Structures are given as structure tokens and as C-alpha cells.
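S.K.: compute the structure for the input listed below.
(one chain, ligands or ions: 1)
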Amino acid sequence: MADSSLRSLNGSLNSPYWLRRIWGLRFIFRPFETLDARAKAYGDDYQVSAPDSKPVLIYFSSPEALEDIFTAKPEQLSAGRGNQILKFLLGEHGIVLLEGKAHQRQRQLLMPPFHGDRMRSYAQVIQDITEQVMRPWTIGTTFAVRPVMQSISLQVILKAVFGLDSGQRYDQLRQILCQMLDVFGSPVGAMLLFYPFLQKDWGAWSPWGRFLRLRQQVDDLIYAEISDRHTQPNAERTDILALLMAARDPNGQPLSNVELRDELITLLFAGHETTASALAWALYWITHLPDVRTRLLAEIDALDDKAGLDPMTIARLPYLSAICQETLRLYPIAISAFPRVVKQPMTVAGYALEPGTVIMPSIYLAHHRAAVYPEPKQFRPERFLERQFSPYEYLPFGGGDRRCIGSAFALFEMKLVLFELASKMEMTIANSQPIRPIRRGLTMAPSDQLRMRVTGIRRSISSSPLIRR
Ligand code: HEM
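M.R.: Numbers count the residues shown, from 1 in each chain. Below is the predicted model of the structure:
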């Protein structure tokens, strides 16, 4: 049991069961407001579960606690156990559910394609896909921001994971993956994740039934691709499926088809909706706040791009980088890092935790501590130019041995896409209503109502490419 000095949601925890359920629903529908209210009442670190219920669930957001969590040894904390909620989608062999040595091996295998030269080799793909999306736009075109950003990030991840960029299988995967994730794309749909008793197949028209049928179609497409690769091996391929198929475990065994499927779906799932939502927010702030836009355009226009730009020059632009960092601070796409389950008695921020305790490292609350981020509700990229934040103060990609393996790739993609959009298009927000964060599954995104209108072309798309090929 958590140390008695840990503050808990006493008032609410002693309330009747049905009232606590309603507060649970509030967290699904309005997570940020719920977390703000709790932090105001109970501080940085607090217990959420009722005193008599198991497991004990604790939220942590103080830098001291986050440091203890992210530097804990794998024998002290388990993330795989806490991620069981995702097994219905990712299977049990994807990196997110693996533990110990198998998890470490998988990380070592998957990190290189998302870093360094391999990552940089996607610059042209990212630019081409962004241009392709922008090509039909003329002055007056309006578009729904998040779905368009999702279309870009899905095409990029499909290329990275499968090396696919055309063909019937590619078109079907794009379409069906989006439909499948849309099942959880609203707070009501997200309830399916939090309340397993709703996971009932009442036929193709019921939400869960629809999900199961779409998942089957996605699986069929993935297995068909794996099967083709087995029958027509090609040593030239550099995509992630080729890498996974060439890998051997310590006994010299390759991954089974089920293991390959679980890993591929994990990367498709983890790697595109997250980046799409982050891009949608960033574009929102750039368009919504004239000072941010002006400063970004000044940075872009000061570049000498006659011979095309090295993608790393773009990735290192200070203000563009600060916009991406502030975007992921204010409304972090993942509200919390993966839950960690205590395996051995341990201490976090001075609190003694027993095995079985579930820890939620709260990214949102850590990013909204006024002591670290003055005026935390304001979008102010300058704060990232004025000082550096520790990995326990700023953690949009989580931390420790579970830290997101796609963080560098996601930031690289965000900067190139935003650079393309901002340097070529002038836009305005087409909505009259304020835009607020909406739950999409486990993540937070701008509502699909967010639309933009093209008001001017700064540079024609067919002009010389901005990024050097
Ligand atoms: C803006 C975009 C993204 C955000 C905000 C994000 C956020 C996160 C967070 C918070 C975690 C949990 C870390 C923890 O619990 O400590 C995570 C894990 C993970 N992410 Fe991302 N992510 C993004 C993009 C990507 C991309 C592009 C990929 C690439 C395919 C990716 C692949 C993964 C994987 C495989 C894990 C599990 C790591 C493990 O279990 O060891 N993510 N991500």
C-alpha cells in the first residue's frame, strides 16, 4: 500500500460507487480538465484508487517522482503488464507488451531505422507526400486538418514500415487502418478501451463488431504482404519488415508470422495517429497566433534556399523546433506515459510502494506545473529558447527504457511537413467556434471540426524543391 502520507482523492474516493463511475467517465470525456482539477486539489502526486480497492493506482508528475520512475531498473517496474489494455489490437508479441530481454532486443532492432541516416533518407518521401497533398489546393480551398495530417503521416509510416507507396494492397491498408482507428476516434468510441464489458460482438453494425471485422481485414493484408516477402525475398529492401524478417533471436530463430504481424501493427498504430495529431495542433497554433506565424516566416525567409536545403538545416531551425516542442507540451498527444506496475518494493519521491501498485507518469500534469512553465496554459514557443528542461520536466515521449522509439522520427517529420506548408501556403482557420482537445482512443487530438482555408500561395508547389534531393 502507498505510504500513508501520500495524498489521495479522499473526498471522491469515499463517495458511492456510481458517483465514482461518473467521475471515471469525466476523465474519458474531459481528461485535461479532470487532471487540472485533481492537481489543484491534491498536488503533484496522488492516489486515485479507493483505499480498499486493488490495485492501488497513483498519478505522479513531480520531477523527483518521474526521475525515480524513469531511472528504475526493469526488475522493479513492468510496463508490459500495464499495457495489456492494448493487447486486443497489438497482440502479445509487439514491443509495447514485451518485457525484459525480449523487449530490449526488440528496441535495439527497431531504433536504428528511426534515427540517423536511415531517418534522414525519408526526407524526400515526406516532402513528396506533403506536396502531393497540397497540389490540388487553390485559394479558397478548405480542408479538415487532422484527417489531412493523418493522410500524410500514414503514407510516411507505410513507406517506412513496408516500403509500400502504391498498389492495391497499399490503398486498402491506408483506407481500412483509418476506418479501424476511427472506431475509437471519439470519447464515446474510446469507452470501448476503458470498459471491457463493452467489447461485445453484436454484429457488423455494433462498434466492437465493426472493429473486429476491420482488424481481420488489416491482418489479412499484413499476412498477405508477409507471405509475398517469404516467397519472393529481395535482399535490396531496406524497410522495417525486411529488417524484422532478417532478425534472429539468440537461438538463431526468425520471428514467426504472428510476431511479425504484432510488431508491424504496433508501429503503424504508434507511429501515425500520434504524429498526425501533433501536426494538426502545430498547424493550428501557427495559423491561430499571428506573432508565432510572423516569427516562423521570418526564420524561413532568412534561409538561402536557391540550391535547395539540407533537411537537417530545416530540422535544426530554432523557432520551428520550439513550436514543435511547445505543441507537444501544451496538449501532449499521450496524456500519460505507459502505466508501470511495481514488481519489487520501491520508493518513488519518498513514497514506499508495494508490488502490484500501478503508477501513471502524468505527462500532461508535468507539462502544466506553473513552477516550471510560467503561464502554463499559454502557447509560448519562446520558453524553449530561453531555457532547457530536464527529461523529468518535459516528457512528451515518456522516458526511461520505454521512451518512444519514434521521437526523433516524429519531430523530423513534423518539422519538414510544417516547413513545406508554411513556406508555400497562407492559411486561415475556417472555424468560428473555439477548437478544443478531443479524445481519440488513448491520445488527445484537435477535433475533426478544425478546418483551414487557403488564402494565398506564397510559393508554387512546382517551383524548385525546397529540400535538396
Ligand atoms: C508526436 C508523435 C509521438 C508521440 C507524442 C509519442 C509518444 C509516445 C509515448 C508517450 C510513449 C510511451 C513511453 C513511456 O511510457 O515511457 C511511446 C512509446 C512508443 N512509441 Fe511513440 N510517440 C510518437 C510517435 C511515434 C512514432 C513515429 C513511432 C514509430 C514507429 C512510435 C513508436 C513507439 C513505440 C514502438 C513505443 C513503445 C516503446 C517501448 O515499449 O519500448 N511513436 N510513444
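S.K.: is the ligand within reach of stretch 406-416?
M.R.: Yes. Judged by CB under 6 Å from any ligand atom, stretch 406-416 comes into contact with the ligand through 406, 409-410. In this view, the C-beta of every residue, glycine as well, is placed from N, C-alpha and C.
S.K.: tell me which residues of that stretch are tucked away?
M.R.: Residues 406, 408-416 are the ones in stretch 406-416 that count as buried (16 or more other CB atoms under 10 Å).
S.K.: what of stretch 95-103?
M.R.: 95-98, 102-103.
S.K.: now do stretch 32-51
M.R.: Neighbour-count burial for stretch 32-51 flags 32, 34-36, 38-39, 42, 44-50 (criterion: 16+ other CB under 10 Å).
S.K.: now swap in stretch 107-126 and tell me
M.R.: Under 16+ other CB under 10 Å, the buried positions of stretch 107-126 are 109-110, 113-114, 118-119, 122-123, 125-126.
S.K.: ok, now stretch 175-189?
M.R.: Under the neighbour-count criterion of 16+ other CB under 10 Å, stretch 175-189 has 176-186, 189 buried.
S.K.: and for the longest strand that the chain contains, what's in contact with it?
M.R.: Identified as the longest strand of the chain according to DSSP state E is strand 451-457. If you take CB atoms under 8 Å, 6 or more residues apart in numbering as the criterion, strand 451-457 is touched by 137-145, 283, 287, 424-431.
S.K.: hmm, which two among the buried residues of stretch 32-51 are most spread apart?
M.R.: Comparing all pairs in the buried residues of stretch 32-51 by CB to CB, the longest separation belongs to 32 and 50, at 23.4 Å.
S.K.: contacts only, for residue 149.
M.R.: Contacts for residue 149 (CB under 8 Å, 6+ apart) come out as 275-277, 279-280, 283, 417.
S.K.: from these, pick the one nearest residue 372.
M.R.: Distances from residue 372 to the contacts of residue 149, taken by CB to CB, are shortest for residue 277, at 23.4 Å.
S.K.: separation between residue 246 and residue 157?
M.R.: Distance, residue 246 to residue 157, using CB to CB, to the nearest Å: 20 Å.
S.K.: how many neighbours does residue 193 have?
M.R.: Neighbours of residue 193 under the rule other CB atoms under 10 Å: 18.
S.K.: packing partners for the helix or strand where it lies?
M.R.: Applying DSSP states H and E as the criterion places residue 193 in helix 187-194. Packing partners of helix 187-194 (3 or more CB pairs under 8 Å, 6 or more residues apart in numbering; DSSP states H and E): helix 17-29, helix 207-231, strand 437-440.
S.K.: off-centre distance for that helix?
M.R.: 17 Å (CA atoms, centre = their mean, to the nearest Å).
S.K.: returning to what we had before: in helices, which of the buried residues of stretch 406-416 appear?
M.R.: Judged by DSSP state H, the subset of the buried residues of stretch 406-416 located in helices is 408-416.
S.K.: now, which of these sits nearest residue 450?
M.R.: Nearest to residue 450 among these is residue 414, at 16.6 Å by CB to CB.
S.K.: near the ligand, which residues of the stretch 351-469 of the chain are found?
M.R.: 396-400, 402-406, 409-410.
S.K.: what would these look like in a markdown table with pLDDT?
M.R.: A markdown table is the format used below for these (pLDDT from 0 to 100):
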| residue | pLDDT |
| --- | --- |
| 396 | 98 |
| 397 | 98 |
| 398 | 97 |
| 399 | 97 |
| 400 | 95 |
| 402 | 95 |
| 403 | 96 |
| 404 | 96 |
| 405 | 95 |
| 406 | 94 |
| 409 | 94 |
| 410 | 96 |
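S.K.: lowest-confidence helix or strand of this structure?
M.R.: Lowest on mean pLDDT, DSSP states H and E among the helices and strands of the chain sits helix 10-13, with a mean of 48.
S.K.: where does pLDDT dip in the stretch 201-350 of the chain?
M.R.: 306-307 (pLDDT under 70).
S.K.: which strand or helix spans the residue of it found nearest the ligand?
M.R.: Using CB to the nearest ligand atom, residue 271 is the residue of the stretch 201-350 of the chain that sits closest to the ligand, at 2.9 Å. In the assignment (DSSP H and E), residue 271 maps to helix 257-288.
S.K.: show me what counts as buried in that helix.
M.R.: In helix 257-288, counting by 16+ other CB under 10 Å, buried: 259-287.
S.K.: could you give the angle of that helix to strand 451-457?
M.R.: Per axes from the mean of the first three to the mean of the last three CA atoms, to 10 degrees, the angle that helix 257-288 makes with strand 451-457 is 60 degrees.
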